[in-house]
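Asker: A predicted structure for the sequence below; I have some questions about it.
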Protein chains: 2
Amino acid sequence: MAAHRTAADPLEHPHLTTVGLLVETHAGFTSAAERGLGATGGLSLQWFELLLRLARTPGHRLRMSALAAQTTLSASGLTRAVDRLEAEGLVRREACPTDRRSSYAALTGEGEARLRRVLPHHLEHLVEVFDRTFDAEELATLCGLLRRLRDAVNPQAACASSDAAVEVGAGTAASAS
Amino acid sequence: MAAHRTAADPLEHPHLTTVGLLVETHAGFTSAAERGLGATGGLSLQWFELLLRLARTPGHRLRMSALAAQTTLSASGLTRAVDRLEAEGLVRREACPTDRRSSYAALTGEGEARLRRVLPHHLEHLVEVFDRTFDAEELATLCGLLRRLRDAVNPQAACASSDAAVEVGAGTAASAS
DNA sequence: TAGAGTTATTTGCACAAGCAACCATTGCGC
DNA sequence: GCGCAATGGTTGCTTGTGCAAATAACTCTA
């Protein structure tokens, strides 16, 4: 019941509700994915994301710093995460031949197998949600708008794909973009 | 460079890139907000969200469980978070007169002041992003699509507003919705 | 009213994450 | 070649988080 034509209360600013929608949508996807991935193949969402990034990269390996940049993890967080993945045999560290400071995180065969094992169920869920909610045109519109918003708010991600591609000298985009 | 007409590699499924966009957008907003709120008023994003939820609720108070349901926190996580907020004087616990198990988290005057102090700068950033990226019609389209997606993926959030309103017996929506 | 079953919140514990400090390596300027 | 700043990665420490158990209070039924 805020005033109508006087300056509206900033608490009711529509942009707040828009980001609220974004956050709630993200939360919904996240919790559903966490549940589904855990039940299907014992993967946490974070492990899934890391394995997926690696699997989508030509050569199936990425420098630690590149991998950290593509996720929400800090460098130290990634170190520990890769420790755990390595202990589980899903990833292995490889020395970088040109720079002995760097190391690659490389997807193992078992890592890819685990990923591909959970993928069908995960995709099934996504198809269920998207295709039940939108027709093809709406989905394309949403993607377009989201991409522009992503580029506006997170410009690093926009060029992460090309960076990562350059990383290993291949042409195909590595990141989601 | 995946096959064109044979069954595409599930790793390249377009829905994966769509949720990737959503995640990256969310990450972008999150980190920018965290930085901005921290610099402006020493609020973490989580504190901001909690204070905002309370401020947008008629009566400026919410049951612990309702507050937990509206955020990504578990019940125990919220207990600790409210502990910290209470220690800072931004929130106080109030006993629920009708159910002695429950307690309300109520916004204090100082809490609202802190919130309103950081809000202008935060909104300024949002306006900057949204208005530079979209015209009014595109923004409305995005909101509509996002709302439907949110409802599909996180149906609890859709009715959280009415629940919360019933909570304190008022008619105005409390949640972002 | 007594008791079984549920619900709201709080604690114990283990784990994951970030920051800052640290070590090793690289590249640059002299 | 040699020091020096910058870079990539890993560790110590502190904090925050969820899960499970515990506590307290409510509801329903007999």
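Answerer: All right, it came through fine.
Asker: going by C-alpha atoms from here, please, whenever you check contacts or count neighbours.
Answerer: Noted.
Asker: does DNA strand D have contacts with the longest helix along chain A?
Answerer: In chain A, ranked by residue count with DSSP state H as the criterion, the top helix is helix A:14-41. No. Shown here: helix A:14-41 not in contact with DNA strand D (Cα under 7 Å from any atom of the strand), separated by at least 9.0 Å.
Asker: so what does the helix or strand just after that helix touch, helix or strand wise?
Answerer: Note on helix A:14-41: by DSSP states H and E, the next helix or strand toward the C-terminus is helix A:45-55. Packing contacts for helix A:45-55, counted by 3 or more Cα pairs under 8 Å, 6 or more residues apart in numbering or on different chains; DSSP states H and E, involve helix A:14-41, strand A:61-63, strand A:103-107, helix A:109-133.
Asker: roughly how far out does stretch A:135-155 sit from the chain middle?
Answerer: Mean-position distance between stretch A:135-155 and its chain equals 15 Å (Cα atoms, centre = their mean, to the nearest Å).
Asker: over to stretch A:6-19?
Answerer: Distance of stretch A:6-19 from its chain centroid, counting by Cα atoms, centre = their mean, is 30 Å.
Asker: and if you look at stretch A:97-110?
Answerer: Stretch A:97-110 sits 20 Å away from the centroid of its parent chain (Cα atoms, centre = their mean).
Asker: stretch A:58-74 too?
Answerer: How far stretch A:58-74 lies from its chain's middle: 11 Å, per Cα atoms, centre = their mean.
Asker: do any residues in it lie close to DNA strand C?
Answerer: Yes. Counting by Cα under 7 Å from any atom of the strand, DNA strand C is contacted by stretch A:58-74 at A:72-74.
Asker: A:Thr133 contacts B:Arg148, doesn't it?
Answerer: Yes. If you go by Cα atoms under 8 Å, A:Thr133 and B:Arg148 touch, sitting 7.1 Å apart.
Asker: about what we covered before: if we check chain B, which of the residues of stretch A:58-74 next to DNA strand C are in contact?
Answerer: Restricting those to those near chain B by Cα under 8 Å from any Cα of the partner chain leaves A:Thr72.
Asker: A:Tyr104 and B:Arg35, how far apart?
Answerer: Per Cα to Cα, to the nearest Å, A:Tyr104 is found 30 Å from B:Arg35.
Asker: so which of the helices and strands packed on helix A:45-55 is nearest B:Arg114?
Answerer: Smallest distance to B:Arg114 across the helices and strands packed on helix A:45-55 (Cα to Cα): 17.0 Å, for helix A:14-41.
Asker: tell me which residues in the closest one are buried?
Answerer: Buried residues in helix A:14-41, counted by 16 or more other Cα atoms under 10 Å in any protein chain shown: A:15-30, A:32-34, A:36-37, A:41.
Asker: name the residue closest to the centre of chain A, please.
Answerer: Against the mean C-alpha coordinate of chain A, by Cα atoms, centre = their mean, the closest residue is A:Glu49 at 5.5 Å.
Asker: how close does that residue sit to B:Leu54?
Answerer: A:Glu49 is 33 Å from B:Leu54, where distance means Cα to Cα.
Asker: kindly report the same for A:Ala69.
Answerer: Separation of A:Ala69 from B:Leu54 (Cα to Cα): 34 Å.
Asker: could you tell me which residues of chain A lie near DNA strand C?
Answerer: So far as Cα under 7 Å from any atom of the strand goes, chain A lies against DNA strand C at A:46, A:72-78, A:80-81, A:98-101.
Asker: keep only these that also lie close to DNA strand D.
Answerer: Among the residues of chain A next to DNA strand C, the residues within reach of DNA strand D (Cα under 7 Å from any atom of the strand) are A:75-76, A:78, A:80, A:101.
Asker: among those residues, name the ones in strands.
Answerer: Using DSSP state E, no member of these falls in strands.
Asker: can you flag the buried ones in the residues of stretch A:58-74 next to DNA strand C?
Answerer: Buried residues within the residues of stretch A:58-74 next to DNA strand C, counting neighbours by 16+ other Cα under 10 Å: A:Thr72.
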